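**Student:** Take a look and give me a structure for this.
(chains A and B)
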Amino acid sequence: MATPVLTMVDAIRQAMEQEMQRDKNVVIIGEDVGYDGGVFRATKGLIEKFGKERVMDSPLAESGIIGTSIGMAVAGLRPIAEIQFSGFIYPAFEQIISHATRMRTRTRGKFSCPMVIRAPAAGRVHAFEHHSESMEAIYAHIQGLKVVIPSTPHDAKGLLISAIRDPDPVLFLEPIKLYHGAKGEVPEQPYTILIGKANIVKKGNDLTLISWGVMMPICRDATEQAKSLGIDIELIDLRTISPLDSQTLVESAKKTGRVVVVHEGPKNCGVGAEISAQITEKALLSLKAPIKRVTGFDVIYPLYKLENYYGPQLPQIMKAIEEVMHF
Amino acid sequence: MVLARAFDTKALNLQKQGRSGAFTSCKGQEGCQIPAVANLKETDWLVPSFRENAALIARRMPLVNLFLYWGGDERGSHPREDRYKQNNLPIAIPVGTHLLHAVGISMSAKIKKESSVAMTFFGDGATSEGDFSEALNFAGVFKTPTVFVCQNNQWAISLPVSKQTASSSIAQKAIAFGFEGIQVDGNDVFAVYHATKYAVEKARSKEGNGGPTLIECVTYRMGDHSTADMASVYRPIGEAQCMEQFDPILRLEKYMKKKKMITDAEINSVEEQSKQQVEKAVEAYENIEPAPLEDIFNYTYAELTEPLKEQRDYLLALYVGEERKKNPIIEKIEGGFP
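**Tutor:** Okay, the predicted model is just below:
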């Protein structure tokens, strides 16, 4: 039987549904996640299947959602907290940084917070203000948190199942553009993908191209285009932003000697800076050119008429590849 | 209460002598905390803030743990599981943020059809925080078995409660969230016991619809906010001295003596025993082996991540042999936290 083809949002829903079937402690809480099924329909049909005790429509309060999820997790549930848009997570930032990620340390392992915070993220969708940012670097700086960003339906399902089963808090950022923009084969059976391990999407020898999330489809195009120019790219999808799989990145850099990092979020103190530092510390003598970052600018994410000028586009990535190749 | 007071007095002294770190006294609030937690079962949940040493002592938290924690040793924050089964969350430092955890714990109890209750403590200052409102709102909407105990001790560091809220009481705030608010004399152990008993029983009962209660215990912060604070700078002269007559321990003693339930000799004996118990805990605290330095990594995640393994090995390589055992005991530092 052929493997079913799903969109990313369908894969995410399937992951939650299967995990809720497997473990009665898995519950969902968030704004409009119940009868509405979520603004992106990620939880559609789940309240009918599992009831309103396990799929909880919460009052409109992000700190409340994450704060009560912490309590539920400490008491033995496995909450999946949906924040409607990642741009609205900030009232809950204190709960994440001061409590969820510290519970294990502060109780020397007696209590922990096995919870997933799901939030749509990233741009390129002509949205309102505050609905388009790629702010993963902020969260990568938080000790005790894991940060995961899928780029395909297949990865979304496997990574989300891993996140739900993870004993520690995981922030799961879902690129809005890929909810319906990414389609692919997703096995029906539940499966996991290791958190903390980058994925070598395509092996290559000339240059390592590192990206994740919403930028991956464009980086795939760049890989194809480079091939026509005779450049053999090794394309890596980071998948987990924190903890960073520097081993895979460093090994690839040692092999190719040339690295380009692409991310949509701002450049200053972005994840690209950490990747660049790790590779420089561990593979400097293998490098044939400086590591190049192609990123969003350090400006407020523009309204959508100028949106296309903000994040990296294919020509910018191609230019960076050529500059690094001909350094 | 006497034991909690003896602990409090000793902890303040240790801090002054440089034998412990910054400390927040709960002097005067024993009458709110101890009768309240007396209504909890071991499996119920206590969700405290940083001024709840008396509540923790009443929950049989070993004194040595409290001394360790305030003395800067994370091992104090939770006793080893095999000898301690009470469900206490670690004390919350960011004001008001922990009320939501108590609500979440109660939501879990409801979902799992357990009869446990979560009781959380906070001060009048915490009621100004957004999380206070979110917590009471969630508790009202989900009808959770939560008991909110506000110790209105009149002062949030330097701000009197009149500048914290324009409400004539804190208890009345519960009405806006759709459940009961009760105001009691927080220095009257019988009043606090009665109100919290009612709230805990209500939370536990199915027939009574369960649900949350906000209890405002009107009390007085007899000490400074913390050892880094000097209340004489901002409090009216004589106020604290005047309030000493309402000390909950004094009041209880007077009552018990009047009712011929206790003698002066018995009071002295309780005080003496408490002091001895405290001294024994101090000795244990001051003689404990330092924690191994790699301890700072061990509880960040369930399993050490690759980046953390790398960082731990780096640290271990910096301190080899005897150096590692020396684990820097902090000397009196210039410019340290007051």
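
**Student:** So the residue in the stretch 101-250 of chain B that chain A sits nearest to: helix, strand or coil?
**Tutor:** Closest to chain A within the stretch 101-250 of chain B is B:Gly104: 2.0 Å, counting by CB to the nearest CB. Bear in mind the C-beta positions are built from the backbone N, C-alpha and C, glycine included. Here B:Gly104 is helix, with the state taken from DSSP: H, G, I helix; E, B strand; the rest coil.

**Student:** What residue, apart from its backbone neighbours, is nearest it spatially?
**Tutor:** Among residues not flanking B:Gly104 along the chain, A:Gly71 sits closest, at 2.0 Å (CB to CB, 6 or more residues apart in numbering or on different chains).

**Student:** Contacts only, for the one you found.
**Tutor:** B:47, B:100-108, B:118 (CB atoms under 8 Å, 6 or more residues apart in numbering or on different chains).

**Student:** I'd like the next helix or strand past the host helix or strand of it.
**Tutor:** Assessed by DSSP states H and E, A:Gly71 sits inside helix A:62-74. Using DSSP H and E, the helix or strand that follows helix A:62-74 towards the C-terminus is strand A:78-82.

**Student:** Low-confidence ranges, the stretch 151-300 of chain B, go.
**Tutor:** Applying pLDDT under 70 to the stretch 151-300 of chain B picks out residues B:207-209.

**Student:** Enumerate the residues of the stretch 201-327 of chain A near chain B.
**Tutor:** Taking CB under 8 Å from any CB of the partner chain, the part of the stretch 201-327 of chain A that reaches chain B is made up of A:243-247.

**Student:** from the residues you listed, which is closest to B:Arg59?
**Tutor:** A:Pro243 (35.9 Å; CB to CB).

**Student:** Grab the longest helix from chain A for me.
**Tutor:** For chain A, the longest helix by residue count, based on DSSP state H, is helix A:8-22.

**Student:** quick one: whichever helix or strand comes after it to helix A:62-74, angle?
**Tutor:** With elements assigned by DSSP H and E, the helix or strand that comes after helix A:8-22 is strand A:26-30. Angle of strand A:26-30 versus helix A:62-74, following axes from the mean of the first three to the mean of the last three CA atoms, to 10 degrees, is 170 degrees.

**Student:** Need phi/psi at the residue in the stretch 201-327 of chain A positioned nearest to chain B.
**Tutor:** Using CB to the nearest CB, the single residue of the stretch 201-327 of chain A nearest to chain B is A:Pro243, 3.8 Å away. When read as degrees, to the nearest 10, the backbone of A:Pro243 gives phi -70, psi 140.

**Student:** so is A:Leu235 in a helix, a strand, or just coil?
**Tutor:** strand.

**Student:** and the residues of the stretch 201-327 of chain A next to chain B, which of them are in strands?
**Tutor:** With strands defined by DSSP state E, no entry of those lies inside them.

**Student:** which of those residues are buried?
**Tutor:** A:243-246 (16 or more other CB atoms under 10 Å in any protein chain shown).

**Student:** returning to what we had before: which secondary structure elements does the longest helix of chain A contact?
**Tutor:** Counting contacts by 3 or more CB pairs under 8 Å, 6 or more residues apart in numbering or on different chains; DSSP states H and E, helix A:8-22 packs against strand A:26-30, helix A:46-50, helix A:153-165, strand A:170-175, helix A:176-181.

**Student:** on that earlier part again, next, the angle strand A:78-82 makes with the helix holding A:Gly71.
**Tutor:** 170 degrees.

**Student:** distance of B:Glu114 from B:Pro145?
**Tutor:** According to CB to CB, to the nearest Å, B:Glu114 and B:Pro145 sit 9 Å apart.

**Student:** Compare those two and say which one has the larger neighbour count.
**Tutor:** The residue with more neighbours, out of B:Glu114 and B:Pro145, is B:Pro145; 31 against 14, by other CB atoms under 10 Å in any protein chain shown.

**Student:** so what's that one closest to, chain neighbours aside?
**Tutor:** Nearest to B:Pro145 is B:Ala203, by CB to CB, 6+ apart, at 3.5 Å.

**Student:** Check which element follows whichever helix or strand that neighbour is part of along the chain.
**Tutor:** If you go by DSSP H and E, B:Ala203 is part of helix B:189-204. Sequence order places strand B:213-218 as the next helix or strand after helix B:189-204, per DSSP H and E.

**Student:** The helix holding B:Ala203: which residues count as buried?
**Tutor:** Buried residues in helix B:189-204 (16+ other CB under 10 Å): B:189, B:191-193, B:195-196, B:198-200, B:202-204.

**Student:** wait, which of the residues you listed is closest to B:Phe132?
**Tutor:** Distance to B:Phe132 across those (CB to CB) is lowest for B:Ala199, with 17.2 Å.

**Student:** For that closest one, give me its contacts.
**Tutor:** Applying CB under 8 Å, 6+ apart to B:Ala199 gives the contacts B:147, B:180, B:182, B:213, B:215.

**Student:** one step back: okay if I get the buried ones among the residues of the stretch 201-327 of chain A next to chain B as CSV plus pLDDT?
**Tutor:** Listed next are these as CSV, based on pLDDT from 0 to 100:
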residue, pLDDT
A:Pro243, 98
A:Leu244, 97
A:Asp245, 98
A:Ser246, 96
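
**Student:** what about B:Lys113, how many neighbours?
**Tutor:** B:Lys113 has 8 nearby residues by other CB under 10 Å.

**Student:** Run the chain-centre distance for stretch A:82-96.
**Tutor:** Stretch A:82-96 has its C-alpha centroid displaced from the chain centroid by 15 Å (CA atoms, centre = their mean, to the nearest Å).

**Student:** right, I mislabeled it, should have said stretch A:92-100
**Tutor:** Centroid separation between stretch A:92-100 and its chain, computed with CA atoms, centre = their mean, is 19 Å.

**Student:** what's the answer for stretch A:151-171, then?
**Tutor:** 9 Å.

**Student:** Stretch B:12-30 and chain A, any residue contact?
**Tutor:** No. Using CB under 8 Å from any CB, stretch B:12-30 stays clear of chain A, coming no nearer than 15.8 Å.

**Student:** Please list the outside residues in contact with that stretch.
**Tutor:** Residues outside stretch B:12-30 that contact it (CB under 8 Å, 6+ apart): B:1, B:4-5, B:8-9, B:11, B:33, B:50-54, B:67, B:70-72, B:151, B:153, B:186-187, B:217, B:219-228, B:243, B:247-249, B:282, B:286, B:332, B:337-338.

**Student:** returning to that earlier point: same question for the helix holding A:Gly71, mean pLDDT?
**Tutor:** Regarding helix A:62-74, the rounded mean pLDDT is 98.

**Student:** Once you drop chain neighbours, what's closest to B:Met222?
**Tutor:** Of all residues not flanking B:Met222 in the chain, B:Gly28 sits nearest, at 3.4 Å (CB to CB, 6+ apart).

**Student:** Pop the domain breakdown of chain B in here.
**Tutor:** Following automatic domain parsing, one finds the domains of chain B at B:2-286, B:293-326.
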